[in-house]
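1. Quick check, what structure comes out for this input:
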Amino acid sequence: MRPAARGGPPREVRIVGGMLKRSKLPVADKPGLRPTPDRVRETLFNWLGPDTRGWRCLDAFAGSGALGFEAASRGAAEVLLLEHDPELVRSLRASAQRLKIATLRVEAADAIAWMKRCPPQRFELVLLDPPFGAGLQGDALALAAPLVVAGGCLYLESPAPITDTELPEGFAMSRAARAGLVHYHLLRRST
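-> Take a look at the predicted model:
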């Protein structure tokens, strides 16, 4: 990852694994945009296993797209990135075209509204990294949970660890860790 000028956010991130390893993704200078760090993405995909071959994945608050592109790089059959900011949507689509990822699609949408109308049990992996200051964590978890197939996973980044009482019904905490101010959690659906 190239360091940012004057201690600001990074201007690009690199995909850390899979067929697109070392490919760069631009990071726009937007308030609150904080791409998932390389180390956290590497840990997440180590927890998930060596690849996501055949999986259907949703990156609900795409931002830089680092999580969704990482899943596509590791063989996901379908990756859907949801992003509401028009500039970020254009950047994500340009990156997908530049990297020639046929399995990745970017949709300009509000993630909360989109998840409300999505059919249940649609994805093997749902990735959630909602803006920390927006208070969306609870709604995002509640709306994403029904979208995950039995045995599938739900990943969440948050400013604080989630408790057992916050776990959606039918999910168990598989793994959790912290990197700086970011707490990240992998939940697995049992039913």
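2. From here on, just use CA atoms for contacts and neighbour counts.
-> Noted.
3. Help me confirm that Leu154 comes into contact with Val126.
-> Yes. Leu154 is within contact range of Val126, at 4.9 Å (criterion: C-alpha atoms under 8 Å).
4. Downstream of the top helix by length along the chain, the next helix or strand is which one?
-> When the chain is parsed with DSSP state H, its longest helix is helix 86-98. Helices and strands here follow DSSP states H and E; after helix 86-98, the next one along the chain is strand 104-108.
5. Quick check: mean pLDDT of stretch 59-78?
-> The predicted model assigns stretch 59-78 a mean pLDDT of 95.
6. just the strands in this structure please.
-> Using DSSP state E, the strands of the chain run over residues 12-14, 24-26, 56-59, 78-83, 104-108, 123-128, 148-158, 171-179, 182-189.
7. Okay, now the unreliable bits of the chain?
-> 1-10, 50-51 (pLDDT under 70).
8. re the thing from before, of all the strands of the chain, which one is nearest Gln137?
-> strand 148-158 (7.2 Å; C-alpha to C-alpha).
9. Pull the number of nearby residues for the closest residue to Lys116 other than its chain neighbours.
-> Counting by C-alpha to C-alpha, 6 or more residues apart in numbering, Lys116 lies nearest to Leu143, which is 6.2 Å off, once chain neighbours are set aside. The number of residues packed near Leu143 is 19, by other C-alpha atoms under 10 Å.
10. overlap in contacts of Leu154 and Val126?
-> 144, 148 (C-alpha atoms under 8 Å, 6 or more residues apart in numbering).
11. quick one: Val149 from Arg189, how far?
-> 7 Å (C-alpha to C-alpha, to the nearest Å).
12. Same question for Arg41.
-> Relative to Arg189, and taking C-alpha to C-alpha, Arg41 is found at 20 Å.
13. cool, and Leu127?
-> Distance from Leu127 to Arg189, by C-alpha to C-alpha: 14 Å.
14. shared neighbours, those two?
-> Common neighbours of Leu127 and Arg189 (C-alpha under 8 Å, 6+ apart) are Leu154.
15. Report the spatially nearest residue to Ile112, omitting neighbours in sequence.
-> Ala140 (6.4 Å).
16. Can you get me a residue count around that neighbour?
-> What Ala140 shows, counting by other C-alpha under 10 Å, is a neighbour count of 21.
17. who's in contact with it?
-> Ala140 neighbours (C-alpha under 8 Å, 6+ apart): 112, 128, 130.
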